[in-house]
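Engineer: Structure of the sequence below:
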Amino acid sequence: MIIAPLAPSDFEGAVERLAAILQACVSEGSSIGFILPFSLDEARAYWRDKVAPPHTAGSRLVLVATIDGEVVGTAQLDLDGMPSKRHHAEVSKVLVDPRHRRSGLGRALMAEIERLAAEAGRWLLTLDTAGDAAETLYRSLGYEVAGTIPLYARDAFEADRYDATRLMYKDLRSG
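Structural biologist: Okay, here's the model as predicted:
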């Protein structure tokens, strides 16, 4: 397994695989901002329209995890912040291909996210999650729940249901 930042020049070449992972995760009910039905075209548009511009500008890091040259996971670190928040970064879209879950990829992606955040002078990391498995992972890595927001997002499967999200944080200075 290799985890590395995705170079902006390599972004377009990775879009198909990143879109497939995103679609697979949404299809399994991951609460990551999308609802079903969710097409591969919508997944491609997310990467090209929402992620590529800040990634190219350097305000968002995109990591990819590869096994035997195939992208099997990804995570993002948003470094864009107001002057009063230059110590802060937001972790988002930690996605592991469902075929490779429970193999340590999520933990490895988070370790590299934390290393790169610290290297960039960002010592307070935040994220939100609605999934119990994801929350268990983040807690095991030292993240703490700051609070819960009810009715935060539509459920991926049920259009009339809204799910809560838990806001979590970690102070990297604490170890």
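Engineer: Can you name every helix or strand that whichever strand or helix holds residue 92 contacts?
Structural biologist: Per DSSP states H and E, residue 92 falls inside strand 88-96. Helices and strands touching strand 88-96, by 3 or more CB pairs under 8 Å, 6 or more residues apart in numbering; DSSP states H and E, are helix 11-27, strand 70-78, helix 105-119, strand 124-129. From N, CA and C alone the C-beta is placed, and that goes for glycine too.
Engineer: Mind putting the ones you listed into CSV with mean neighbour count?
Structural biologist: CSV is the format used below for the helices and strands packed on strand 88-96 (neighbours: other CB atoms under 10 Å):
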stretch, mean neighbour count
helix 11-27, 18
strand 70-78, 21
helix 105-119, 18
strand 124-129, 20
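Engineer: Can I get the ones you listed in CSV including mean pLDDT and distance to residue 52?
Structural biologist: Formatted as CSV, those follow (pLDDT from 0 to 100; distance: least, CB to CB, whole Å):
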stretch, mean pLDDT, distance to residue 52
helix 11-27, 97, 6
strand 70-78, 98, 12
helix 105-119, 97, 19
strand 124-129, 97, 21
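Engineer: Compare those and give me the one nearest residue 61.
Structural biologist: strand 70-78 (4.4 Å; CB to CB).
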